[in-house]
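Undergrad: fold the following for me, if possible:
(one chain, ligands or ions: 2)
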Amino acid sequence: MKAILNECLKLAARNYGTRVSPLEAGKLVLQARKQDADSISSLEKKSIILDGKKSESRSSRQRIANLAEELYDNYNPGYSRTGKSHLGTANYFFNAAEVTYEWSASSFWEIPGEKLKARAEQQTLDQKHTFQISGDLAHTNGSVKKYLGKTDGIPFELLNGLPEVAFLGRCNAGKSTLLNNLTTEFSKLKLDEYAKTSKKAGYTKTINSFNVGRRFRLIDTPGYGVRGTHEQGELIMRYLRERRELKRAFLLISAEQGFTETDSQVIEFLTKFGIPFELVFTKLDKVKNVGKLHQIIQESGVLELPTMPRMLFLNSVTNSSFPKRLGISSLRNAILESCGLEEGVRPLKIKSK
Ligand SMILES: Nc1nc2c(ncn2[C@@H]2O[C@H](COP(=O)(O)OP(=O)(O)OP(=O)(O)O)[C@@H](O)[C@H]2O)c(=O)[nH]1
Ligand SMILES: [Mg+2]
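TA: Numbers count the residues shown, from 1 in each chain. Ligands and ions are numbered 1, 2, ... in the order given. Modelled structure (predicted):
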């Protein structure tokens, strides 16, 4: 299957603008992806069934260690595998960057700078209106300029338009834990606790922002579902639609439990409003049967989405079968990439030892 896909992509590259349009190439890739999903997956053929018997054999440990990567390759045929040097620099960035909690918001207007932006925009509109009515330039005499220079008491660094990526997902999907996972060095056994987490669903109540190395912001959000409230849902939807700094959303799905109806609605919402997003399957350590995970993905319809979101697989919690945090390098790399940070970029603020 990989060979066919590679052929499609090569064909598209060679014939761009001549025989095969990118749209046709896209269709070919989609078709190939669907066939890939329909066939018994390569992983299933290899019978990686983690049935809880805790096989201690070396090959089994090796298979688990490669699980996140194999799933990534299996479900992202359109993406080339990220090179080791890219992953290495992404890991360096996250390990070295200073992480600071910045703000929380329980309504859209509490997000630093949003009120200010809206007022400035209103003034620009009013100014245009004045031009139209009077045609007299002197009429506006620079009042807008005077206003734009002020920050309304909001520290300038909160208004400095850093790119943002947001974690979305049902309550208890592991959003806050993932934020801690991303920002904790591999060598540490226990995750740093930047974002507060709990076994109790519905723990995060506001949108919370964390500055990473003064290069971008990670945004933790309240979960949706039974424990989420209507107001939280409205806040998240507004943030997703209106926040200009948002570069990409990462939608978390429990690899053990799969999609809920609300997850599907959120995917529909993101697609409808053209909000770039990727899918992150969390709690890989809880998956006992990889075949079931394949079934969950295939039956969810996400493989047919026209936007072909990338799919990442990881675990934030370790246990004896999963002694390592898998899949995190790929997510770190995807975040830097979505924020437009080139390979080799360094944090502007380094963690103190
Ligand atoms: N086994 C396992 N547990 C995880 C993983 N990620 C998170 N958890 C656990 O899931 C529970 C919920 O994690 P949170 O990070 O608080 O989940 P959340 O999505 O932020 O939840 P809300 O704030 O309620 O929306 C905690 O007990 C975590 O330890 C994982 O990868 N594997
Ligand atoms: Mg949370």
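Undergrad: where does the chain come near ligand 2, residue by residue?
TA: Within reach of ligand 2 by CB under 5 Å from the ion, the chain has these residues: 175-176, 204. For the C-beta atoms, the positions are set from N, CA and C on the backbone; glycine is no exception.
Undergrad: ok, now with 6 Å
TA: Residues of the chain lying near ligand 2 by CB under 6 Å from the ion: 175-176, 203-204, 220.
Undergrad: how about a markdown table for those residues, with distance to ligand 1, pLDDT and neighbour count added?
TA: A markdown table is the format used below for those (distance: CB to the nearest ligand atom, whole Å; pLDDT from 0 to 100; neighbours: other CB atoms under 10 Å):
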| residue | distance to ligand 1 | pLDDT | neighbour count |
| --- | --- | --- | --- |
| 175 | 4 | 98 | 28 |
| 176 | 3 | 97 | 24 |
| 203 | 4 | 88 | 17 |
| 204 | 3 | 93 | 22 |
| 220 | 7 | 98 | 26 |
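Undergrad: among these, which ones are in strands?
TA: residue 220 (DSSP state E).
Undergrad: could I get the residues of the chain next to ligand 2 as TSV with distance to residue 107?
TA: Formatted as TSV, the residues of the chain next to ligand 2 follow (distance: CB to CB, whole Å):
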residue	distance to residue 107
175	20
176	20
203	19
204	15
220	16
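Undergrad: and the residue of the chain found nearest ligand 1, what does it touch?
TA: Scanning the chain for proximity to ligand 1 using CB to the nearest ligand atom identifies residue 223 as nearest, at 2.4 Å. Residues near residue 223 by CB atoms under 8 Å, 6 or more residues apart in numbering: 169-173, 175, 201-202, 204.
Undergrad: and the residues you listed, which of them are buried?
TA: Buried members of the contacts of residue 223, scored by 16 or more other CB atoms under 10 Å, are 169-173, 175, 202, 204.
Undergrad: quick one: residue 200 from residue 266, how far?
TA: Distance from residue 200 to residue 266, counting by CB to CB, to the nearest Å: 22 Å.
Undergrad: comparing the two, which shows the higher neighbour count?
TA: Set side by side, residue 200 and residue 266 show more neighbours around residue 266, with 23 against 9, by other CB atoms under 10 Å.
Undergrad: what's the helix or strand for that one?
TA: Residue 266 belongs to helix 261-272 when elements are defined using DSSP states H and E.
Undergrad: same for the very next helix or strand once past that helix, what does it pack against?
TA: Per DSSP H and E, helix 261-272 leads on to strand 277-282 as the next helix or strand towards the C-terminus. The contact analysis (3 or more CB pairs under 8 Å, 6 or more residues apart in numbering; DSSP states H and E) places strand 277-282 against strand 164-169, strand 246-254, strand 311-313.
Undergrad: many thanks, I have nothing further to ask.
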